[in-house]
Structure formats: structure tokens, C-alpha cells
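**Q** model the following, please.
(2 chains)
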Amino acid sequence: MSEQPLRGFRGAPRLITRWTRLSAGFTAGFGGLIVALAFVPALSAGVVQDMTGLLILVLMAVTWNALAGYGGLVSIGQQAYIGLGAYATVWLCNHSVNPFLAMVVATMFCGAVSIPLSFLLLRFRGPQFAIGTWVVAEALAIWVSFDSALGAGTGTSLSQIDSYAPTSREHYIYWLTLGLTAVLLGSLFLLLRSRLGSSLQAIRDDEEAAASVGVRVVAGKRILFLLAATGAGAAGAMTLANTLFIAPSSIFSVNYTALMIFMVLVGGLGTFEGPIIGAIVLYIVQKEFGNDGVWYFVGLGGAAILFAMLLPRGLWGTLEERTGLRFMPLGYRLRRPSPPPAEDPV
Amino acid sequence: MTWVNAVVQGIMLGGFYALIACGLSLMFGLMRIINLAHGDLAVLGAYLTYLLLEHWNTSPFLAILPVIPVMLLIGYVLQRVLLERSLRSGLLVPLLTTFGLSIVIQNLLDQGFSVDDRSLGAQAGSIATSSWQITSQLSIPAIGVLTLGLAIVIYGGLQIFLSKTRSGRQMRATAADPDTAELVGINSRAVYARATAIAVAIAAIGGVFLAIRSSFSPYTGPTYLIFAFEAVVIGGLGSSLWATLAGGIVLGIAQTIGGQINTEYPVLAGHIVFLAVLLTPRGGLLNLRRSTA
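**A** Below is the predicted model:
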């Protein structure tokens, strides 16, 4: 790490560690927070639906950032999986699958669909990838709007879930969203700590250099693509559950991408915690200004531009940069052996 | 004969897409970036023309003339203020900033002009509606011929500008190798700003033709950004400008033939052709000159 003086290389051997006291405490706190969040419905029932909304934002931000921040791939088409996750849930419920099981299966279905698509889209990066993903989303929206069994262009609702009482239904939806968020955050955490994670961070920093030292760039990107699609699919299934009605024009809307870009840029592109911060910021902004219509979106777009240009590492990335602290044990640290080895007088 | 008609209509529609795509292709060829607000800038051009026509009772073909210098200026400022800084931070940031700009333009237009659909077709007079009836199933609309003709004139003019003028040669040198171009005294930032100004002005002309051919609203831009990008990619990203014109025509024909099969299919058919072209080994029909790297 940068705080190590160069002469250290000639001195006592350094230990490579992953955990610091700070990151251990922070990780434990993070895990504790997720467990604590499971008790929200018991404590205050009124906020359950809002909290579900916040978790959906977290899902979107974290998985979009996995693709853009670590894979260097800006997708403008994650609404493809949001829409697909929602419509797959409707389709499964229409075929008498339990609604909550349907949401999980639809999420996994989005992940499965992304694999063949990745062979088409991962040949590209930059603008071709961005607009390629967007066209896929547009084509899916048109295709869904042809299907009268799914309500065609006018939309459809999730009536099967009415068999649950409204309050317990809200709680189940919340717990499922929390569970999906925890699973995806956990997967990303483990992925970034794995050997593959080091290659992903190398790809993020310099794709050509990573490839030249033998990093399998496309394989790494494919896993991120899969993770991002699964996350967006989960967000779509849970959006349907939380609002109970969807139409192709809104669930396949590119506005979801605008939200993802805002959250990730504000929180910190390519950081683990940043997108979560961004989601909380967006949640507050939505509460305060969400009814202001056009000015709300002008503000989101404007903030995204300003953050991209003036604070490219976002709030969290800038904090890490300024303080040198790392809150999650994702990288490696060099440390002097402690206690220092005792000098043997013989 | 209906199929011949579909192809003929497709060629003219393609001329229109090529008109919108021209600036996108120019900017990508030079700076390797895609301006995601390109479609919204085209729509902005249409709104400025619309605004002018509220106070000045004339044809949109005349009203666009004072709009062009305004759009040149907007393009110049856009490059200097936004894109130049974004470019310095790599491949990702220009996508993010121009996407943000796209959202801002759409919603400001919504605030200023409301979300209603508008059209300049009525002000354009008979040229928007008249057509030559060749046979019972083949008719050639005047506006289609005019759009295609203008696209060819603009592409030709731009080609002459790039090969014959000093400024155009500087642009080609910068596109080929910006660092070496700087070494021989070319100010690449000024070149980029000039190119973006031209790109935005041509987009605005495309926007006015969009407004004459059909209707537009503050949120129309992204649809035409996608069509324009499809035209650029089908032609071959980073190859010559003429390839974009050809790509636009392929897209136009794909859409009209899709529409001939089923009236709901035109846009989907265009998307499918675009994705099929992405699958080809070179990722573009006319990727002859150099790969996109």
C-alpha cells in the first residue's frame, strides 16, 4: 500500500494481510446491519414498503456498479432484465407457480438469459456495448408488448398475490428483497476477494495491461455480466411485487439506467460501498423531490454530470482516497510482522 | 410491386436516418466517443425552429437557417465545457456525462414546451404531403426525395470539406493520430470543438426533417439516437462517412420491409438487423478501412 516506505523492501519481511482491525469491524457491522434489517417489519410496520423500495435501489446500484465499476462496461440496457424479471414473474404466476417462488425463479432466469447474450455483447466495449445493451432492451420491450397474454402494451398486474393478507404480503416481499440483496452483495464480496476478483480489479484499472499479464478478461467480464443481469432481474421482480402493476413502457424504461448511473456516480464508481451510499442518497432525494417531475430528473442528470467530471470517485471513493482507509477487506495490505521478531543473542 | 415500394420507401427513410447519424459518425471517427445526447440535440433543433415559427410566418426550411449558427455554437460550447474534460478521463466518462446531458435536455424541453406531440408538417406546406404516383402501388413522396437528396449533399459536402480544406485535413490528421497531429502544430482541442459544432448543427437539420416528416416530443431523442447509432454500426464504426449513409439506407430498408410483413414490426426488424450485424465477424457491414480496436 502507498503508506509503506520504499526502503521497506530491504528491511524485515512484510506480511501480506487482508484484514485490518477497521475492515474486520466494518465487515462485521455490515453483516450485523443486514441481520438487523430483517427485524424492521417487527419494529415499525409503516416503513416496510419504503424499505423495500430502498433495497431495490441498492440491488440496482450495486449490480450496475459491478459491471461498470469493475468490468469497465457502461450498460444502458439493464432495464432489459428489470422488465424480464418482472414479466417472467407474471408469466410464472399465470402458470400457477407460487408468486414468491416465481420471483426467485424469474431472477435466476434473468441470469440464465444473460449468458447467451453475453456472447453477443461482450465482444464490444465502450459505446458499442452501451447502445448494444440498450437495443436489446428496446427489442425485448417491443416483443413483450406483442404478447396479449402478458397484457400487451397496456400492462398487467400481479393478482395472484392477493391471496396473501396485505400486511403479511408486504413483509414477505421485504424479506425476499432483503434476502436477494444479501445474496447478491455476498456474492460480489466473495467474488472480489477471490483470485478472480484480483483480475477484475486489474481489468478495471487497465484492461490491456491486465490482458498482457494473462488475465482472462472476457471470462471475468462474463461473470460480472451475469451478476449484473441477476441483480437487475431481482430488482424487476421485486419492483413488480412492490407496485403490483407493470407496463412495458415503464418497466423497460431507460430511466432505470438514469437512476443507476446517478446512484453509482454519487456513491463512488468501482467501490464496494459507494453504490449503497448512492442508493440511500437517491432514496432521500426521491422522498424530497420525487414529486417535482421534470426538475427532479434535471437534478439527477445534472448531478451525474457534475460528479462524473468533478468528483469521479464519488463520495465514498473520495473518502477512501483522502483518508487512505479501506473499510472492506477486498484488497491486500503489506504489514510489518508484529510483534517484531525477538533478536536471538546466540 | 409492394416489395419494390417497400425498398424504395426504405431507401428514402434511410436517407433520413443517415442525416441524423452523420454527426454521430463524424464524432466517433474523430474522438472515438458516442454522444448519447445526440438525439436530444436533434430534437432541440426542432424545438428552436418551432419556436421561431411561432413568431415568424414562414417555412421550416427557411426558419432552420438562423437555428444552424445557434446549434453550431451549442456544439462548440458542449465540446469545450463538457466533452473535453470527459475525454481526458477515458472511455467511460463521456458516456456517463452525455447520458446525464440527455436526461437534462429532455426534461428542460418538457418544462419549456410541455410533453405534447408537435409537428412542423403543416408549416412545411405541400412538400410534406405531395408525392409522385408512379404506379398504383409505387409512389414517391417529395419529402423523402428531398431528405435523401439533402443527406447526399451534406455527406458529399463534408467529404469535400475533409479532403480539400485546411481545417478538414487537420481533422483527418487528428482522427488518425492526435499526438502526432499535435507535434506538427495542430490544436486538437480546437479541431474537436469544430467537429462537434458541425455534428450538432447537422443533427439539428435532421431534427427539423424529423419534425416535418412526423411528430416529436421532448422524449423523442433517444429513439432517433438508437436509429442513428444503428446506422453508424451497420455501416461500420469508424470507417468512412459514406459507410454511415449506406448503413442508414440498410436500416431504412430493414424497417420498411419489416413493416411490409406486419405493421407492428418495423422498429423490431431494424433492431434485429442491427444485432445480426453485430454478430458478423467484423461487427459491421462495411468495416473495410480499419478495425475499431
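
**Q** am I right that A:Ile203 is in contact with A:Gly71?
**A** Yes: counting by C-beta atoms under 8 Å, A:Ile203 does reach A:Gly71; the two are 6.5 Å apart. Quick note: C-beta positions are derived from backbone N, CA and C, even for glycine.

**Q** joint contacts of those two?
**A** A:Gly220, A:Lys221 (C-beta atoms under 8 Å, 6 or more residues apart in numbering or on different chains).

**Q** helix, strand, or coil at A:Leu330?
**A** Secondary structure, DSSP: H, G, I helix; E, B strand; the rest coil: A:Leu330 is coil.

**Q** chain A contacts on the stretch 151-293 of chain B?
**A** B:222, B:225-226, B:229-230, B:233, B:237, B:264, B:267-268, B:271-272, B:274-275, B:278-279, B:283, B:292 (C-beta under 8 Å from any C-beta of the partner chain).

**Q** pLDDT value on the closest residue to chain A within the stretch 151-293 of chain B, please?
**A** Nearest residue of the stretch 151-293 of chain B to chain A, counting by C-beta to the nearest C-beta: B:His271, 4.3 Å away. pLDDT recorded at B:His271 is 89.

**Q** for it, which non-adjacent residue is spatially closest?
**A** Excluding the flanking residues, the one nearest B:His271 by C-beta to C-beta, 6 or more residues apart in numbering or on different chains is A:Ala139, at 4.3 Å.

**Q** near the one you found, how many other residues are there?
**A** Using other C-beta atoms under 10 Å in any protein chain shown, A:Ala139 has 20 other residues around it.

**Q** contact partners for it?
**A** Contacts of A:Ala139 were listed using C-beta under 8 Å, 6+ apart, and they are B:Leu268, B:His271, B:Ile272, B:Leu275.

**Q** top of these by neighbour count?
**A** Most surrounded of these: other C-beta under 10 Å gives B:His271, at 26 neighbours.

**Q** roughly how far apart are that residue and B:Tyr219?
**A** According to C-beta to C-beta, to the nearest Å, B:His271 stands 19 Å off from B:Tyr219.

**Q** and the pLDDT at A:Arg18?
**A** pLDDT, A:Arg18: 69.

**Q** touching, A:Gly302 and B:Gly100? I think so.
**A** Yes: A:Gly302 lies in contact with B:Gly100 (C-beta under 8 Å); the separation is 6.9 Å.

**Q** more neighbours, these two?
**A** A direct count of neighbours by other C-beta under 10 Å for A:Gly302 and B:Gly100 places B:Gly100 higher, at 27 against 18.

**Q** if you count neighbours, what's buried in the host helix or strand of that one?
**A** Assigned by DSSP states H and E, B:Gly100 belongs to helix B:92-113. Under the neighbour-count criterion of 16 or more other C-beta atoms under 10 Å in any protein chain shown, helix B:92-113 has B:92-110 buried.

**Q** restrict those residues to contacts with chain A.
**A** Among these, the ones lying near chain A by C-beta under 8 Å from any C-beta are B:92-93, B:95-97, B:99-104, B:106-108, B:110.

**Q** host element of residue 42?
**A** No chain in the question, so chain A it is. Using DSSP H and E, A:Ala42 falls in helix A:40-43.

**Q** the intended chain is chain B.
**A** Going by DSSP H and E, B:Ala42 is in helix B:38-55.

**Q** and the angle from that helix to helix B:92-113?
**A** 20 degrees (axes from the mean of the first three to the mean of the last three C-alpha atoms, to 10 degrees).

**Q** tell me the SS of whichever residue of the stretch 1-150 of chain A sits closest to chain B?
**A** For the stretch 1-150 of chain A and chain B, the shortest gap (C-beta to the nearest C-beta) falls at A:Pro127, measuring 3.5 Å. Judged by three-state DSSP, the three-state class of A:Pro127 is helix.

**Q** so what pLDDT did it get?
**A** A:Pro127 carries a pLDDT value of 82.

**Q** which residues touch it?
**A** B:Phe28, B:Ile33, B:Ile34, B:Leu95, B:Phe229.

**Q** residue ranges in chain A under the pLDDT threshold?
**A** A:1-18, A:45, A:327, A:329, A:331-346 (pLDDT under 70).

**Q** hey, where'd the helices end up in chain B?
**A** Taking DSSP state H, the helices of chain B run over residues B:2-31, B:38-55, B:60-78, B:84-88, B:92-113, B:121-124, B:142-164, B:166-176, B:178-183, B:188-213, B:221-235, B:241-261, B:266-279.

**Q** which residues of the stretch 101-250 of chain A fall in strands?
**A** Per DSSP state E, counting those that start in this stretch, the stretch 101-250 of chain A carries strands over the ranges A:156-157, A:245-246.

**Q** reformat these as CSV; add distance to chain B.
**A** Below are the strands of the stretch 101-250 of chain A laid out as CSV (distance: least, C-beta to the nearest C-beta, whole Å):
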stretch, distance to chain B
strand A:156-157, 18
strand A:245-246, 19
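
**Q** let's have the ones you listed in CSV, adding mean neighbour count and distance to B:Leu183.
**A** Shown next, in CSV, are the strands of the stretch 101-250 of chain A (neighbours: other C-beta atoms under 10 Å in any protein chain shown; distance: least, C-beta to C-beta, whole Å):
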stretch, mean neighbour count, distance to B:Leu183
strand A:156-157, 18, 62
strand A:245-246, 19, 57
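
**Q** perfect, I'm done here.
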